[in-house]
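Participant: Model the following, please.
(2 chains)
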Amino acid sequence: MAKRIDVESLNVYYSDFLAVQDASIKIAPLTVTAFIGPSGCGKSTFLRTLNRMHEVIPGGRVDGKVMLDGEDLYGPGVDPVNVRRTVGMVFQKANPFPTMSIYDNVIAGYKIAGTRKGRNELDDIVERSLRGANLWEEVKHRLNRPGAGLSGGQQQRLCIARAIAVEPQVLLMDEPCSALDPISTLAIEDLISELKTRYTIVIVTHNMQQAARVSDRTAFFNLAGVGQPGRLVEYDETTKIFSNPSEKATEDYISGRFG
Amino acid sequence: MSTLTSPAPTTPPAGRALPSALVGARLPKWAPYVAALIALALAVGAKYGLGWTGWYTAFFTAAALYIVVLSAWSYSVEGRRRAKDRVASTLIHACFVAAMVPLLLILVYMLQRGLPALTTGLSDPDLRGLLVGGLIGTLEQVGMAAIIAIPLGIFTSIYLVEYGKGRFARAVTFFVDVMTGVPSIVAGLFVYTFLLLGFGARPFGFAGSIALAILMLPVVVRSSEEMLRLVPRDLRDASYALGVPKWRTIIMIVLPTAMSGLITSGLLAVARVAGETAPLILLTGYSSFLNANPFSGDQATLPMMVWDQLGKRTGNPGTDAGAWGAALLLVLLVLLLNVIARLLARLAQPKTK
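Facilitator: Numbering: from 1, shown residues only, chains lettered A, B, ... in the order given. I've put the predicted structure just below:
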């Protein structure tokens, strides 16, 4: 089941530096939410706090609450490993594991974690995930070839297949199309609309048309200046953000009059 | 509308018309050879003209004249930048040749002297026994040193790259750097004091292994650390994001990705200590009889055999044939290790096809 995310006044730090200040957001299940904003405004940083990937960076820490269906991800005793199994992530740069075949990349979540599964079950997972990522037809005859041999767009879809193979409930995407050509981008955007029926999706993007095309709601992040913390300026229906935003800063940004 | 005026092309001193501003005057391809001939002729002329005695003087004069002739010619035709380029590339090539000369001399001389010794070793039972004994001792001692130092070194580097932070990790890095500079005889002295004097033991092979392991350890740590740092963060992130615990990420992602480099660093460290002699003088003794047990009794090794065959150990006048045989065998062993390291590293490399 897809889950809802409620963030309550979250502060995100890199050591002593406050990167995102006082962000609160409510993300409904089975929706696509886009984070937009200028570089350095903390949208990727904020995204990484939603599956506790932020703390992987030395000095990374947060205070505040991130509730997944009412359960605090940063509560006492919560295991970040379990959080990340529930909230999957796709990165900006396609990062298939170079030592593994396409097949092994898809089941990497089980294989590396040491979960034992039968061959037939794994075959099913691979086919289902690759179909889910719209990659099955292109690679079904060469599942044992290295994943690093695919094109950039195929590698990114392989990473999406890998992320959905472990059946997360939420999928975070950090600028998944920024390194891809328009055709691969379109393939991934179509995929996002399909995945929306099963997962709650949060996507960071620099491409405002993309945010307008794929998302139901959009959050605009901004920062007052260099060295200042990023803030969540406005969060609303995507149609409202792009047609009639409440904040002046949002309007300036989406109409290109930023700065 | 303003037009950009291109700066007037600097006309090369040659004064010959060129097809376009993009084409520069070049010396013909054979120019370096002609310059070399001229330099050689001048040098030989100087040798006889001025009555120099040595051929070495003539050779180095020719080399210096070559640079002068070529760069002057190039300056007059091609201009200043090309002339500087020719001087610099000539110097770089000369340095390369100068570095290769001693290496080639050693290799050729060693083959010349060592091959006959190895072939007589096949028929002469005495020499064969010595060579086999030395080879077995070296393989056992270096092998056991590798078994101790490589896992220890790789685990240390994993600690430094994946877990270590703060003062303790910095201290470990510092002491590893210090250990890299420890002279091998000091490592030998250390083991000698603690193991042989401490327990009142006679020299034996494994004592040498411990000293070799001490010498290998910092090399393994440093080079594996570099290899592990080369594994992109992206891959670790991808693994964590799949809900994989850190230790499994290290075992299943970081180590396989770095495997090729780790194999190379391990085997190169082995090759590095295989010819180590100083600590073995103190720790393993030497035996003319085959002793395959590294835990008891004096044990021969190939570097020690070189020393022994020259008569330096006993003070008797020795023969250098056996010494060259042992030296060649040792070099072949190191060469073999290098080849194996390269093959294994290539096999372990991530593939893209």
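
Participant: Surely A:V12 touches A:L47?
Facilitator: No: using CB atoms under 8 Å, A:V12 is not in contact with A:L47; the gap is 10.3 Å. C-betas here are computed from N, CA, C, even on glycine.

Participant: who's more crowded, the two?
Facilitator: For A:V12 versus A:L47, neighbours defined as other CB atoms under 10 Å in any protein chain shown are more numerous around A:V12 (23 against 20).

Participant: Just give the closest residue to that one, not the sequence neighbours.
Facilitator: In this structure, A:V12 finds its nearest non-sequential neighbour in A:V20, 4.1 Å apart by CB to CB, 6 or more residues apart in numbering or on different chains.

Participant: and what of B:R229?
Facilitator: Distances taken as CB to CB, 6+ apart place B:V161 nearest to B:R229, at 5.8 Å, with adjacent residues excluded.

Participant: Next up, the contacts around that neighbour.
Facilitator: Applying CB atoms under 8 Å, 6 or more residues apart in numbering or on different chains to B:V161 gives the contacts B:225, B:228-229.

Participant: so how far is chain A from it?
Facilitator: Separation of B:V161 from chain A (CB to the nearest CB, to the nearest Å): 12 Å.

Participant: Next: B:A94.
Facilitator: Taken as CB to the nearest CB, the span from B:A94 to chain A is 41 Å.

Participant: SS state for A:I201?
Facilitator: Here A:I201 is recorded as strand under DSSP: H, G, I helix; E, B strand; the rest coil.

Participant: ok, now A:K65?
Facilitator: Per three-state DSSP, A:K65 ends up strand.

Participant: Whichever of the contacts of B:V161 end up buried, select them in ChimeraX.
Facilitator: To isolate the buried members of the contacts of B:V161 in ChimeraX, using 16 or more other CB atoms under 10 Å in any protein chain shown:
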select /B:225,228
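
Participant: what about the residue in the stretch 151-300 of chain B positioned nearest to chain A, how many neighbours?
Facilitator: Per CB to the nearest CB, B:G243 is where the stretch 151-300 of chain B lies closest to chain A, at 3.1 Å. Neighbourhood size, B:G243 [other CB under 10 Å]: 24.

Participant: which one is it nearest to, not counting chain neighbours?
Facilitator: By the measure of CB to CB, 6+ apart, the closest residue to B:G243 outside its immediate chain neighbours is A:R85, 3.1 Å from it.

Participant: just checking, next helix/strand downstream of the host helix or strand of the one you found?
Facilitator: Using DSSP states H and E, A:R85 sits within helix A:80-86. Using DSSP H and E, the helix or strand that follows helix A:80-86 in sequence is strand A:87-90.

Participant: rewinding a little: phi, psi for the residue of the stretch 151-300 of chain B closest to chain A please.
Facilitator: The phi/psi pair for B:G243 (degrees, to the nearest 10) reads phi 80, psi 40.

Participant: near chain B, which residues of chain A show up?
Facilitator: Residues of chain A lying near chain B by CB under 8 Å from any CB of the partner chain: A:51, A:53, A:56, A:58, A:81-86, A:88-89, A:91, A:93, A:95, A:97-99, A:108-109, A:111-114, A:145-146, A:148-149, A:159, A:162-163, A:166.

Participant: Filter those residues down to the ones in helices?
Facilitator: Counting by DSSP state H, the residues of chain A next to chain B place A:81-86, A:108-109, A:111-113, A:159, A:162-163 in helices.

Participant: State whether A:L135 and A:Q155 are indeed in contact, as I suppose.
Facilitator: No: using CB under 8 Å, A:L135 is not in contact with A:Q155, being 9.7 Å away.

Participant: And the residue lying closest to B:P232 once chain neighbours are set aside, what's its pLDDT?
Facilitator: Distance criterion CB to CB, 6+ apart; nearest residue to B:P232, sequence neighbours excluded, is A:N95 at 7.3 Å. A:N95 carries a pLDDT value of 91.

Participant: can you map out the helices along the stretch 151-259 of chain A?
Facilitator: A:152-165, A:182-195, A:208-214, A:238-243, A:248-254 (DSSP state H, counting those that start in this stretch).

Participant: Contacts made by the third one with the rest, please.
Facilitator: Meaning helix A:208-214. Residues outside helix A:208-214 that contact it (CB under 8 Å, 6+ apart): A:32, A:34, A:36, A:177, A:185, A:189, A:192-193, A:203, A:205, A:218, A:238, A:242, A:254.

Participant: Alright, calling it a day.
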